[in-house]
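Trainee: coordinates only, sequence not included:
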């Protein structure tokens, strides 16, 4: 597989921090981010690269040459005039599936997993997607349970209650796109390629919590260097991760009798700051919640998704994100007016049973013995114990259950973790 790397941007978000230096050549702990990309992709089996350049292209060419010192083959496509984020693709026109990515990303991910997903879906484009701490200035993706993208919004427009599922700037692209679209001059990948192709039903979201980070601003560059120094730049599939599992109502957001409409979602003070703190400490943060409102007929799956979209949006506005949301829609007791009978069952996922935690652990390769479950009910505490986690009880009155440590809120818990 060939990799096509966009390295022709002006780097305007960097300001005057590195005058005359293309953004992909910005040093990260003494090594250009572009070199780190090539090294990471070579480990994933890619040894053929096309680097798209424009301003200061000679800096990149002089540093890498034809790729001999990196053990790969590199050729360059130099834009005489800027062609946007997609125009060059329609000049290069690779003949087989290729990896297409931005040159200002630090990453470590398992490309083979992504390739297998791409092939299994027969996708035109597979987008690497993830939650991030700046969804307001990212392109966001709506996808169904199979990963098929149902709507795509670039960073200039956002719908109400959008999910924190962002296009990371890495994608596998089939050359079939050239049968659908053609551009002779500048084009934008998100707006001119992805958006119109959504209606084909062959754009897919590959959601992953693996490390992909945009180093495009001075503050993000500083964070990336810190992550490198602290050993956080690694795929979750290389070694097990630790996680903080959180209940939803009464732990992250204000507890109401039942939340059946997105407008009822309101964050608790300090919740976003706590989630950021967990991430700073290297924990994944995953919501585990019982939502019997679906089984009781008080809320549809679609509305519940909108509620969770709003939760993610509100957290994103404060620079926080969740790695995953797992919910149980079931309820064991019958007799409610309007209930959904097929959901009125005894299941393995309703807390205090540990099914949701165990599923998340498989999905994210989590070491449960190094992880925590925090919530405001005995069900939460027992679910954590049953899954093999350390449980934490959130109770502002200082009450205790199952001898679990007690904290007034998750912010207090995050400060002592």
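Mentor: Received, thanks. The model shown is predicted, which means the values in this text are computed figures rather than measured ones. Residues are numbered from 1 along each chain as shown.
Trainee: residues of the longest helix along the chain that come out buried?
Mentor: Secondary structure of the chain per DSSP state H: the longest helix is helix 301-317. By 16 or more other C-beta atoms under 10 Å, the buried positions in helix 301-317 come out as 303-316. The C-beta positions use only the backbone N, C-alpha and C, and glycine is treated the same way.
Trainee: then stretch 183-195?
Mentor: Here stretch 183-195 shows 183, 187, 189, 190, 191, 192, 193, 194, 195 as buried, counting by 16+ other C-beta under 10 Å.
Trainee: from those, which is closest to residue 34?
Mentor: Relative to residue 34, the closest of the buried residues of stretch 183-195 is residue 189; by C-beta to C-beta it sits at 18.5 Å.
Trainee: what's the nearest residue to residue 273 if we skip its chain neighbours?
Mentor: Spatial nearest neighbour of residue 273, excluding adjacent residues (C-beta to C-beta, 6 or more residues apart in numbering): residue 411 at 5.9 Å.
Trainee: quick one on the thing from earlier: want to throw the buried residues of helix 301-317 into TSV with pLDDT?
Mentor: Compiled in TSV, the buried residues of helix 301-317 are given as follows (pLDDT from 0 to 100):
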residue	pLDDT
303	97
304	98
305	96
306	97
307	98
308	98
309	97
310	97
311	98
312	98
313	96
314	97
315	98
316	96
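Trainee: can you pick out the most distant pair from these?
Mentor: Largest pairwise distance in these, by C-beta to C-beta, is 20.0 Å, between 303 and 316.
Trainee: quick one: residue 3 is in a helix?
Mentor: No - looking at residue 3 with DSSP: H, G, I helix; E, B strand; the rest coil, it is strand, so not inside a helix.
Trainee: doesn't residue 50 make contact with it?
Mentor: Yes - using C-beta atoms under 8 Å, residue 3 makes contact with residue 50 at a distance of 7.5 Å.
Trainee: higher neighbour count, those two?
Mentor: Using other C-beta atoms under 10 Å as the criterion, residue 3 and residue 50 rank with residue 3 on top: 24 against 19.
Trainee: tell me the one of the buried residues of helix 301-317 nearest residue 200?
Mentor: residue 305 (22.9 Å).
Trainee: so what's the most centrally placed residue in the chain bridging to?
Mentor: The centroid of the chain falls nearest to residue 130 when counting by C-alpha atoms, centre = their mean (1.3 Å). Note on residue 130: beta-bridge partners by DSSP bridges are residue 166.
Trainee: please name the residues that touch it.
Mentor: 165, 166, 168, 207, 208, 209, 210, 212 (C-beta atoms under 8 Å, 6 or more residues apart in numbering).
Trainee: just the pLDDT at the residue located most distally from the centre of the chain, thanks.
Mentor: For the chain, the largest distance from the centre (C-alpha atoms, centre = their mean) belongs to residue 335, which lies 39.7 Å off. Residue 335 is assigned 86 on the pLDDT scale.
Trainee: that one: helix or strand, and which one exactly?
Mentor: Take DSSP states H and E as the rule and residue 335 turns out to sit in neither a helix nor a strand.
Trainee: how much space separates the nearest residue to residue 180 once chain neighbours are set aside from residue 376?
Mentor: Nearest residue to residue 180, sequence neighbours excluded (C-beta to C-beta, 6+ apart): residue 197, at 6.2 Å. To residue 376, residue 197 is 44 Å away according to C-beta to C-beta, to the nearest Å.
Trainee: same check on residue 44?
Mentor: From residue 44 to residue 376 the distance is 43 Å (C-beta to C-beta).
Trainee: good, we can wrap up now.
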